[in-house]
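Undergrad: Prediction below, plus the sequence it came from.
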Amino acid sequence: MSETFLPIEDRVSRELDLDQLQKPLDLESVFGNSHPLEIEIGIGKGLYLMGAAQHLPNHNFIGIEISRKYLRMARERIEKRPIENVRFFCGEAHTFLEEWIPDESCWVLHIYYPDPWYKKRHHKRRLIQKAFLELVYRKLIPGGYLLIATDHAGYWEWIQEHLENQTLLLKDKRLPQPPPGFEGLTNYEIKYKREGRDIFRTGYRKPDVSG
């Protein structure tokens, strides 16, 4: 089945212009509706974000990417298609979540193949830290999910240790899954699967009001 691509003159930038917005974001104003919000940190070339947004048109998505090069690729991939439920932010994720995302507003937070910062002296730069998990807890709605995938065994051990040592989020049976019709969560995952690499996935949930 052939895809629909928009004429160049009909394409609209989906990148958030924070200079024109106030903290925290008024999500209903940004998206024009009050649909559930999902956030992906580290979108790379945007494969998961594109597929998820197409599969769930009644959900809103914000993709965060610190690399302008990769954000440009993701924007090109998504903005040339009739996908209206995605917004982009180029920059550091922790500060963006802290300052711009309202508390208890995110239904799912996706983190797929984060930078493992291989050298021990750089481990302090890893995204998954105690303070970050506390921030995630604040931003998720009750019953919301944190979904993580990595291929790096050392980082996987780090992730497990930090998640097992916190008490805010509950381990859940829900795991990251590619959108229907996609071979993997990301371009990296598709490549890694073909190479036969081990892939590690986990899911945690913020307790709902009933516990």
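TA: Received, thanks.
Undergrad: what does the lowest-mean-pLDDT helix or strand in the chain contact?
TA: Lowest by mean pLDDT, DSSP states H and E among the helices and strands of the chain is helix 187-195, with a mean of 90. Residues outside helix 187-195 that contact it (CB atoms under 8 Å, 6 or more residues apart in numbering): 44-45, 47, 112-113, 149, 151, 178, 183-184, 199. Backbone N, C-alpha and C define where each C-beta goes, glycine included.
Undergrad: Rounded mean pLDDT for the helix or strand that comes right after it, please.
TA: Remark: after helix 187-195, the chain's next helix or strand is strand 200-205, criterion DSSP states H and E. Averaging pLDDT along strand 200-205 gives 98.
Undergrad: Strand 200-205 to helix 187-195, inter-axis angle?
TA: 130 degrees (axes from the mean of the first three to the mean of the last three CA atoms, to 10 degrees).
Undergrad: going forward can the numbers begin at 51, since that is how I track them
TA: In the new numbering, first residue 51, that becomes strand 250-255.
Undergrad: Show me what strand 250-255 pairs with in its sheet, parallel or antiparallel.
TA: Taking DSSP bridges as the criterion, strand 250-255 sits next to strand 190-200 (antiparallel), strand 220-221 (antiparallel) in its sheet.
Undergrad: Just put these in CSV and tack on mean neighbour count, distance to residue 240 and mean pLDDT.
TA: Output for these, formatted as CSV (neighbours: other CB atoms under 10 Å; distance: least, CB to CB, whole Å; pLDDT from 0 to 100):
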stretch, mean neighbour count, distance to residue 240, mean pLDDT
strand 190-200, 21, 12, 98
strand 220-221, 12, 27, 98
